[in-house]
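**Student:** Whatever this is, show me its structure:
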Amino acid sequence: MLLGHSCLALRFDCINARMQVMWKEKNSVQHLWVLFQPIGIVGAPPYRRTSIIKPSGNTRIAYAFVTFTLPYFSELHKKRYKQVNGKNVRIIPANIADLLTPRAIAWGPKGPRCGPKGDPKFPATSK
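**Tutor:** The predicted structure is shown next:
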């Protein structure tokens with residue numbers, strides 16, 4: 001289950017989908033990348049991405065990585081997105097309760113939740 005600023009991307013010229021992760025918390029992105037590395041689904045390490053917020057002109061900094069394209073991600077993509085007027089629209093799967101593991105809940109809808117002074121409310125490594 002993907003929550004927050006992550007998505008399953010299926011490009012028009014690819015057979016399989018890939019996962020894109022982008023959060024402002026550098027350590028959280030690095031942690032997730034390290035979890036994926038032993039199973040061989042990531043290549044390049046996380047990178048810093050900057051963008052300008054319009055109309056304020058402020059700079060937004062985030063950290064991101066993408067996985068390799070895999071058939072498994074394509075199957076998840078089919079469960080998570082629906083074609084509406086030629087566009088992929090994110091939906092809530094009928095089996096959402098089965099997909100929300102303790103780890104997915106701990107990471108929350110916007111990445112890992114942090115309490116005062118950066119103390120995590122939920123440990124990201126919970127099982």
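
**Student:** any low-confidence regions in the chain?
**Tutor:** Applying pLDDT under 70 to the chain flags the ranges 1-5, 103-127.

**Student:** Which parts of it are strands?
**Tutor:** For the chain, the strands defined by DSSP state E cover 6-9, 18-23, 47-53, 58-66, 81-84, 87-90.

**Student:** Could you tell me which strands the fifth one is paired with, and in which direction each runs?
**Tutor:** Sheet neighbours of strand 81-84, with direction, are listed as strand 87-90 (antiparallel) (DSSP bridges).

**Student:** Give me the contacts around the strand it pairs with.
**Tutor:** Residues outside strand 87-90 that contact it (C-beta atoms under 8 Å, 6 or more residues apart in numbering): C7, L10, R80, Y81, K82, Q83. The way it works is simple: take the backbone N, C-alpha and C, and place the C-beta from them, glycine included.

**Student:** Could you pull up the contacting residues of L32?
**Tutor:** Listed by C-beta under 8 Å, 6+ apart, the contact partners of L32 are V21.

**Student:** winner for burial among the strands of the chain?
**Tutor:** strand 18-23 (a mean of 20; mean count of other C-beta atoms under 10 Å).

**Student:** Show me how far that strand is from its chain's centre.
**Tutor:** Relative to the centre of its chain, strand 18-23 is centred 4 Å away, using C-alpha atoms, centre = their mean, to the nearest Å.

**Student:** list the helices and strands it packs on?
**Tutor:** Applying 3 or more C-beta pairs under 8 Å, 6 or more residues apart in numbering; DSSP states H and E, one finds that strand 18-23 makes contact with strand 6-9, helix 26-36, strand 58-66.

**Student:** returning to what we had before: I'd like a version of the strands of the chain in CSV, one that adds distance to F73 as further columns.
**Tutor:** Formatted as CSV, the strands of the chain follow (distance: least, C-beta to C-beta, whole Å):
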stretch, distance to F73
strand 6-9, 5
strand 18-23, 6
strand 47-53, 20
strand 58-66, 11
strand 81-84, 11
strand 87-90, 13
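
**Student:** Of all these, which one is nearest L100?
**Tutor:** The closest of the strands of the chain to L100 is strand 6-9. By C-beta to C-beta, the value is 14.6 Å.
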